[in-house]
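**Q** please work out how this folds:
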Amino acid sequence: MPSYLLGIDNGLTMSKAALFTADGREAAVASRKTETLTPKPGHLERDVPEMWASTATVIREAIAKAAVAPANIACVACAGHGNGLYLINEAGEPVRNAIMSTDSRARDIIDEWLAAGVDKAVLPKTTQSIWPAQPNALLLWLKRHEPATLDRARWALMAKDYIRFKLTGEVAAELTDFSGTSLLNVPKMAYDDELLAAFGIADTRRLLPPLIRSADIAGRVTAKAAAETGLAEGTPVAGGMFDIDACGLAVGLTDESQLCMIAGTWGNNQYISKTPVVSPEVFMTSCYAIPGYYLMLEGSATSASNLEWFVTEFFGAEKALAAKQGKSVYDLCNELVAATKPEDANIAFLPFLYGSNVGPDAKACFIGLNGWHTRGHVLRAIYEGVVFGHRTHIERLLKFRAMPATIRLTGGAARSKAWVQIFADALQTPVEIPDGTELGALGAAIAAAVAAGCYRSYEEAVAAMVRFARRQEPNRSRKGLYDAKVARYHQTIRALDPVWPVFR
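**A** Prediction:
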C-alpha cells in the first residue's frame with residue numbers, strides 16, 4: 001500500500017513541497033522563491049506560469065531527495081495563501097498575472113463600500129471584514145478598469161486551487177479558501193446571488209467554480225502533470241485548504257481549547273468553534289477544514305515580513321556572507337537580539353510596512369531612536385513590534401473566548417528562540433512550537449491522509465501526525481515591563497493617528 005503523502009504549500013513568497021510518512025514525519029522538503037511583481041505602487045502580482053513551474057520543480061526535487069517511488073505516494077493535497085485572485089480562461093490559461101493578497105489597488109472600492117454601509121449589510125452572510133485584496137473588491141476593480149480581462153476569464157480561483165487544477169485538469173473551489181473571500185454565504189456554505197449583487201459583481205457569478213471540501217478527492221494527476229512533476233499518473237489529489245487551516249491542523253487545532261498564531265507574511269491568530277462569531281470586531285470567520293467547525297481569525301500583514309524587509313535593505317553584506325558560509329543571516333539577527341535586554345532601550349516599532357491592524361493609512365516607523373542604540377536594539381524593537389501586533393489581535397479574540405493554557409506558534413518567527421521568548425513574555429502564556437519545518441505542507445498532507453483513507457477522521461490523523469518540538473515558558477517578572485511597552489506602543493499609534501493621511 002502507498003505509504004507517503006505529499007503536501008504542497010504556495011504562500012506569498014515561496015512554493016514548497018514536502019513528503020511525509022503516514023505518521024507525519026518529514027521525509028524530504030524542497031522550496032523555491034516566487035517573485036512578487038510590482039507594476040505600479042500598491043499593485044502586487046505574480047507570474048502564474050512561473051508559480052506552476054516552481055511548484056512542479058519542488059515536487060520533483062522532494063521526490064528525488066526522499067528517493068521515493070512516485071507510485072508509493074498515496075495522495076497529494078495543496079495549501080496556499082488565501083484571497084488575491086487567479087483568473088483562467090476556458091482552456092485553463094491565465095488571462096493576466098495573479099493579484100496577490102497584499103495588493104491595495106482596490107482601496108477606493110473598499111472606501112466606497114464602507115461609506116455606503118455595504119460592510120454592515122453583508123456581514124451576517126460573509127462573517128468577515130472586507131478589504132482591498134479580497135476577490136470581491138478585485139473583481140469590481142477589474143470590471144471598472146480591465147473589463148476585457150473579465151471577458152476572457154472563465155474561472156476565478158485561489159492559489160492552491162490553480163495548482164490543483166494544473167495537477168488534475170479539474171476546476172473546483174475549495175470551501176475553506178472560498179469562505180474567506182466574502183464571495184460566500186458562510187453560514188450556508190454556499191454562493192449567494194444577493195451577496196454578489198450587494199458588491200456590484202452579480203455578473204461575475206459565472207466565474208465561481210463548484211465547491212468541494214478539503215478531504216474530497218478532487219481529481220487525479222494527469223499524464224501531462226505527471227511528466228512535469230515526477231508524480232505517478234493517476235495519483236489521487238485531495239481538495240486541500242486555505243493555509244491558515246493547514247497551519248491549524250499542523251498544530252493540533254481539533255477542538256475549542258486551543259489558540260494558534262502564525263507569524264509569517266501575515267500575523268494570523270486563530271481558534272476554532274462549532275459556533276461562528278459574526279461580529280465587526282473579528283476580522284474573519286470562515287469554514288474550517290474539520291466539518292462542523294468554524295475558524296475565527298484576527299490577522300493582518302504586520303508580522304515577520306517586517307524583519308525580512310529590514311534584513312534585505314540593511315543587512316545585504318551580512319546576508320551575502322552568511323550565504324557563502326552556508327548559514328542564515330537570521331541567525332545573526334537572533335544573536336544580536338539575544339544580546340540585548342528588553343529594558344535596554346525604549347524603542348517602539350510599528351510593524352505596518354505592508355498593512356496595519358489599526359487603520360488604513362497607518363505606516364511603519366521607529367519612535368525613540370538615540371545615537372547610542374545598536375543594531376541589536378533596533379532588531380529587538382522589530383521583534384517586539386511584531387509581537388505587540390499579534391497581541392493586539394489576540395486581545396480582540398479574547399472578547400469571545402478565554403485565554404488558553406498554552407498558545408501554539410508557527411511561521412518564521414517560531415524558528416527564533418529569542419523571538420519565541422518575547423512572545424511568551426509579552427503574552428504571559430507558555431508557547432509551544434510544533435515539530436517540523438513545513439507546517440502548511442503538513443496540514444495539507446493531513447487532509448491527503450484523510451482523503452486517502454489512511455485515517456478515519458482529521459482528529460485521528462492529527463493525533464498520529466502532529467508532535468511538538470519545544471515549549472517556552474514566560475518570564476513572569478517581565479509582565480509589568482511588557483505591559484508598559486505595549487501601552488507605549490498603543491500610545492504612539494494614537495498620537496500618530498492625525499499624521500497618517502499626510503503620507504497616504
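
**Q** so in the protein, which helix runs the longest?
**A** Longest helix in the chain, counting residues (DSSP state H): helix 375-397.

**Q** could you list the buried residues of it?
**A** Residues 375-394, 396-397 are the ones in helix 375-397 that count as buried (16 or more other CB atoms under 10 Å). In short, each C-beta sits where N, CA and C put it, glycine included.

**Q** now for that helix, which elements pack on it?
**A** strand 260-263, strand 267-273, strand 294-300, helix 305-314, helix 329-338, strand 348-350, helix 417-427, helix 479-496 (3 or more CB pairs under 8 Å, 6 or more residues apart in numbering; DSSP states H and E).

**Q** turn the ones you listed into CSV, columns for mean neighbour count and distance to Leu175.
**A** Shown next, in CSV, are the helices and strands packed on helix 375-397 (neighbours: other CB atoms under 10 Å; distance: least, CB to CB, whole Å):
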stretch, mean neighbour count, distance to Leu175
strand 260-263, 29, 20
strand 267-273, 25, 14
strand 294-300, 24, 11
helix 305-314, 17, 27
helix 329-338, 18, 35
strand 348-350, 23, 35
helix 417-427, 22, 31
helix 479-496, 15, 36
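
**Q** would you mind listing the outside residues contacting the helix or strand containing Trp52?
**A** If you go by DSSP states H and E, Trp52 is part of helix 48-66. With CB atoms under 8 Å, 6 or more residues apart in numbering as the test, helix 48-66 has contacts from 4, 6, 8, 10, 15-19, 27-35, 70, 73, 86, 94, 97-98, 159, 162-163, 166, 225, 228-231.

**Q** so which of the residues you listed are in strands?
**A** Within the contacts of helix 48-66, membership in strands is found for 4, 6, 8, 10, 15-19, 27-33, 73, 86, 98, as judged by DSSP state E.

**Q** tell me the buried residues within these.
**A** Here, 16+ other CB under 10 Å leaves 4, 6, 8, 10, 15-19, 27-32, 73, 86, 98 buried among the ones in strands among the contacts of helix 48-66.

**Q** now stretch 218-235, how far from the centre of its chain.
**A** 27 Å (CA atoms, centre = their mean, to the nearest Å).

**Q** what residues sit buried inside that stretch?
**A** So stretch 218-235, judged by 16+ other CB under 10 Å, has buried residues 218-222, 225-226, 228-232, 235.

**Q** now, the most widely separated pair of those?
**A** The two members of the buried residues of stretch 218-235 with the most space between them (CB to CB) are Ala218 and Gly230, at 20.0 Å.

**Q** helix or strand with the lowest mean pLDDT in the chain?
**A** Across the helices and strands of the chain, the lowest-confidence element by mean pLDDT, DSSP states H and E is helix 316-324, at a mean of 90.

**Q** on that earlier part again, using PDB, write out every CA atom in the helix holding Trp52.
**A** Extracted in PDB, the C-alpha atoms of helix 48-66 (Å, rounded to 0.1, in the frame of the first residue of the first chain):
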ATOM      1  CA  VAL A  48       1.200  32.400 -12.700                       C
ATOM      2  CA  PRO A  49       3.100  30.100 -15.100                       C
ATOM      3  CA  GLU A  50       6.200  30.800 -13.100                       C
ATOM      4  CA  MET A  51       4.400  29.700  -9.900                       C
ATOM      5  CA  TRP A  52       3.400  26.400 -11.500                       C
ATOM      6  CA  ALA A  53       6.900  25.800 -12.900                       C
ATOM      7  CA  SER A  54       8.400  26.400  -9.400                       C
ATOM      8  CA  THR A  55       5.800  24.100  -7.900                       C
ATOM      9  CA  ALA A  56       6.500  21.300 -10.400                       C
ATOM     10  CA  THR A  57      10.200  21.700  -9.700                       C
ATOM     11  CA  VAL A  58       9.900  21.400  -6.000                       C
ATOM     12  CA  ILE A  59       7.700  18.400  -6.300                       C
ATOM     13  CA  ARG A  60      10.300  16.700  -8.500                       C
ATOM     14  CA  GLU A  61      13.100  17.700  -6.000                       C
ATOM     15  CA  ALA A  62      11.200  16.400  -3.000                       C
ATOM     16  CA  ILE A  63      10.600  13.100  -4.600                       C
ATOM     17  CA  ALA A  64      14.200  12.800  -5.600                       C
ATOM     18  CA  LYS A  65      15.500  13.800  -2.200                       C
ATOM     19  CA  ALA A  66      13.300  11.200  -0.400                       C
END
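
**Q** now the angle between strand 26-33 and that helix, please.
**A** 150 degrees (axes from the mean of the first three to the mean of the last three CA atoms, to 10 degrees).

**Q** list the buried residues in helix 48-66.
**A** 48, 50-52, 54-63, 66.

**Q** between it and strand 4-10, how many degrees?
**A** 150 degrees.

**Q** tell me the average confidence for helix 48-66?
**A** Here helix 48-66 scores 98 as its mean pLDDT.

**Q** Glu384 versus the residue lying closest to Gly230 once chain neighbours are set aside, what's the distance?
**A** Spatial nearest neighbour of Gly230, chain neighbours left out: Arg60 (4.2 Å); criterion: CB to CB, 6 or more residues apart in numbering. Going from Arg60 to Glu384 by CB to CB, to the nearest Å gives 41 Å.

**Q** cool, Thr36 as well?
**A** Taken as CB to CB, the span from Thr36 to Glu384 is 27 Å.

**Q** cool, and Leu207?
**A** 43 Å.

**Q** cool, and Val118?
**A** From Val118 to Glu384 the distance is 37 Å (CB to CB).

**Q** which stretches of the stretch 151-300 of the chain form strands?
**A** Applying DSSP state E, counting those that start in this stretch to the stretch 151-300 of the chain gives strands spanning 155-157, 173-174, 184-185, 190-191, 211-212, 217-220, 236-238, 241-242, 260-263, 267-273, 284-287, 294-300.

**Q** what is the mean pLDDT for the fourth one?
**A** Right, strand 190-191. Per-residue scores along strand 190-191 average to 98.

**Q** hang on, the earlier thing: using TSV, lay out the strands of the stretch 151-300 of the chain together with distance to Gly359.
**A** Shown next, in TSV, are the strands of the stretch 151-300 of the chain (distance: least, CB to CB, whole Å):
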stretch	distance to Gly359
strand 155-157	29
strand 173-174	32
strand 184-185	27
strand 190-191	32
strand 211-212	34
strand 217-220	40
strand 236-238	39
strand 241-242	26
strand 260-263	22
strand 267-273	16
strand 284-287	18
strand 294-300	11
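
**Q** need the contact list for Ser303.
**A** 262-268, 351, 386, 389-390, 411, 413.

**Q** just to revisit the earlier point, can you check what angle separates the longest helix of the chain from helix 329-338?
**A** Going by the same axes, to 10 degrees, helix 375-397 makes 90 degrees with helix 329-338.

**Q** quick check: mean pLDDT of helix 375-397?
**A** Averaged across helix 375-397, the pLDDT comes to 97.

**Q** and the next helix or strand past that helix?
**A** Per DSSP H and E, the helix or strand that comes after helix 375-397 is strand 407-410.

**Q** partner strands of that following strand, with direction?
**A** Paired strands of strand 407-410, with direction, are strand 260-263 (parallel), strand 431-434 (parallel) (DSSP bridges).

**Q** excluding its backbone neighbours, what's nearest Ala225?
**A** Leu167 (4.8 Å).

**Q** for that neighbour, give its distance to Ala238.
**A** For Leu167 relative to Ala238 (CB to CB), the value is 11 Å.
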